[in-house]
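Participant: Return atomic coordinates for the entry below.
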Amino acid sequence: MTKEEIKALFLNNFESFKSRFIDEEIDITCLVAEEQDRFRCLQILANHEPMMYAAIGMVARDVFGLSDQDINEAIQNAECLDRFNDSQKYFVDFCKGSNCLVSKEEHDEAISEISILESKLQKYIFLEAKRLEQERKNQGLFTANGVTFKMIAVQGGTYTMGAADNDPEAYDCEKPAHKETVSDFMIGETEVTQELWQAVMGSNPSRFTGDLQRPVEQVSWDDCQAFIRKLNQLTGQNFRLPSEAEWEYAARGGNRSKGYKYAGSNDVDAVAWYNGNSGSTTHKVKTKQPNELGIYDMSGNVYEWCEDKYSENYNSQRNWGYRVLRGGSWFSLARFVRVSYRISLTPGDGSSYGGLRLAL
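Facilitator: Numbering: from 1, shown residues only. Model prediction:
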């Protein structure tokens, strides 16, 4: 039987064919997948012999509304786990004779075989989804409600945190300089954008709107905790705010640090939006050059909440009712976007110069 003859067979008997498959919830495996996976399902099946892809092509076109171009693309790009040779003949046998009448035995065998196909495909789709999820995680890519964001892997190490006593720009809260050791972790390539916050929380609290790629602001430490809880529910991950030691380590460039004053350069205009160039507003993330680790905006644009409680200096206890923010903002003088500078707010306070960056 030629491909054209098979296509004609299915076209001539399509309504009966469709009613037998669809009415009995036998869907040629493609309805077992979610909407976005149906095209992939076609790709998996499509390079079986002509009778197979003719059957799938007809159903794809008439039931799912896919174009001939989509179907042909699926056929050309098909990647099959198994040939399922025995099942192929049932797609032809099922439409033997007038009005697609087949024997009960053939009917039952076809249903049984298709059920096996469905089971194998469901397993394949599940395993493929897990593989792709792990692959994306290895690349630092995560998605929440359709919005993808990137995390940067930071290799742990020991570094000097804080400012030197002879630093003329440093405040007492940045001292004394001391050794800190951090383990491996991941940190956001950028601040949390308004797009991601809105996708997770359903609203945008920011003062400076008009472009969802700007950092979210006007969020308190408590707001950030609520956001992270919802994000973790959506992604199955354990995102959190960075510790203050992690934040400064990453801002300094981790184990690739070149000892810059700001995050990625000694030229503040190259890496930061601050009061000298911001125009009194936030800006889209990733519009200044990154630091040594490929992380953007750790100096300027918006201050970023850390997990830690605040301390007056590094010799005092972290027992204040305040939480730490780092990095400076669009509103800050250049002195305040240095990597060692730190401020604090109460956990319930938010402002248009404060946002967040995720850690994992």
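Participant: Let me see the ranges of the strands in the stretch 251-360 of the chain.
Facilitator: Along the stretch 251-360 of the chain, the stretches classed as strands by DSSP state E, counting those that start in this stretch are 303-309, 323-326, 342-345, 354-355.
Participant: how about CSV for those, with mean neighbour count and mean pLDDT added?
Facilitator: Where C-beta positions appear, they are placed from N, C-alpha and C, glycine not excepted. What follows is the strands of the stretch 251-360 of the chain, written out as CSV (neighbours: other CB atoms under 10 Å; pLDDT from 0 to 100):
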stretch, mean neighbour count, mean pLDDT
strand 303-309, 23, 97
strand 323-326, 25, 97
strand 342-345, 21, 95
strand 354-355, 28, 96
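Participant: out of those, nearest to Ser203?
Facilitator: strand 354-355 (15.2 Å; CB to CB).
Participant: counting contacts, what elements does that closest one pack onto?
Facilitator: Contacts defined by 3 or more CB pairs under 8 Å, 6 or more residues apart in numbering; DSSP states H and E place strand 354-355 against strand 303-309.
Participant: What strands line up against the strand it packs on, and which way round?
Facilitator: Strand 303-309 pairs in its sheet with strand 323-326 (antiparallel), strand 354-355 (parallel), by DSSP bridges.
Participant: The closest residue to Gly321 other than its chain neighbours: what's it in contact with?
Facilitator: Sequence neighbours aside, Thr346 is the residue nearest to Gly321 in space, at 6.3 Å (criterion: CB to CB, 6 or more residues apart in numbering). Neighbour list for Thr346: 321-323 [criterion: CB atoms under 8 Å, 6 or more residues apart in numbering].
Participant: how many neighbours does Glu135 have?
Facilitator: Glu135 has 10 neighbours, counted by other CB atoms under 10 Å.
Participant: Just to be sure, Glu248 is in a helix?
Facilitator: Yes. Under DSSP: H, G, I helix; E, B strand; the rest coil, Glu248 sits within a helix.
Participant: distance of the closest residue to it other than its chain neighbours from Phe208?
Facilitator: Distances taken as CB to CB, 6+ apart put Met161 closest to Glu248, at 5.4 Å, once the chain neighbours are dropped. As for Met161, its distance to Phe208 is 31 Å (criterion: CB to CB, to the nearest Å).
Participant: okay, these two: which has more neighbours?
Facilitator: Set side by side, Met161 and Phe208 show more neighbours around Met161, with 22 against 18, by other CB under 10 Å.
Participant: burial measure for Gln233, as a count.
Facilitator: Neighbour count for Gln233, taken as other CB under 10 Å: 11.
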